[in-house]
Each structure stands twice: as structure tokens, then as C-alpha cells.
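A.B. asks: Quick one: sequence and predicted model below, then my questions.
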Amino acid sequence: MATYSFYALHVDASIHRYPMYTLVEAGTNQEAIHKFAVEHEMKVAELEPDGVWMEMKDGALVMYSVTEKIQKDRTRRSEV
């Protein structure tokens, strides 16, 4: 499992609230995008190399950058 961050880069005018920054735990980038869309009741409008356009209930579009967060392993190996 990895952690993916979603950060809003562009937002059309909308009457609905949208998340500016969200973290999602998922196995892959595609799974993270799907989880994010379902959780926030959005649809994937278009995938781009630098992010994803999500469509809100009223048709407004939000462009999110999607980044996999690198988690440092906090366990140490014992030297033999």
C-alpha cells in the first residue's frame, strides 16, 4: 500500500465544496483515483500526465495533481 496525495490545481466556479488537499491509501495510482472519486462523489473526467480532472455533481471541473508519497521505512536492520 502507498499513500497518494491529491492537491487541487484548478477549480471551476461551483456551489459544491471540494477538497483542496487529501491523502488516500491505495495499492496503485488508478485505485487511489477511484477511491478519491467515490469518497468525494466525483467522476473522473480526464486523465492527464500531470494529474486528473474530476467532475463534480454540478458539472464543475477540478484539476488535481496526484502524487505518490514516499514513506521512509522506520525499521532498522541489525548489523551482523
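C.D. replies: Sure thing, it's come through. Values in this document were obtained by computation on a predicted structure and should not be read as measured data. Numbering: from 1, shown residues only.
A.B. asks: can I assume Ser14 is in contact with Glu55?
C.D. replies: No: under the criterion of C-beta atoms under 8 Å, Ser14 makes no contact with Glu55, lying 10.2 Å away. All C-beta spots, glycine's among them, are computed from the backbone N, C-alpha and C.
A.B. asks: any idea which helix or strand carries the closest residue to Leu9 other than its chain neighbours?
C.D. replies: Of all residues not flanking Leu9 in the chain, Met63 sits nearest, at 4.6 Å (C-beta to C-beta, 6 or more residues apart in numbering). Using DSSP states H and E, Met63 falls within strand 61-69.
A.B. asks: neighbouring strands for that strand, and are they parallel or not?
C.D. replies: Sheet partners assigned to strand 61-69 using DSSP bridges are listed as strand 2-11 (antiparallel), strand 51-55 (antiparallel).
A.B. asks: Serialize those to a markdown table and add fields for distance to Phe36 and mean neighbour count.
C.D. replies: Output for the strands paired with strand 61-69, formatted as a markdown table (distance: least, C-beta to C-beta, whole Å; neighbours: other C-beta atoms under 10 Å):
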| stretch | distance to Phe36 | mean neighbour count |
| --- | --- | --- |
| strand 2-11 | 6 | 15 |
| strand 51-55 | 8 | 20 |
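A.B. asks: mean pLDDT lowest for which of the ones you listed?
C.D. replies: Among the strands paired with strand 61-69, strand 2-11 carries the lowest mean pLDDT, at a mean of 91.
A.B. asks: following that one, which helix or strand comes up?
C.D. replies: strand 21-26.
A.B. asks: Beyond that following strand, next helix or strand please.
C.D. replies: Heading C-terminal from strand 21-26 (DSSP H and E), you reach helix 29-39.
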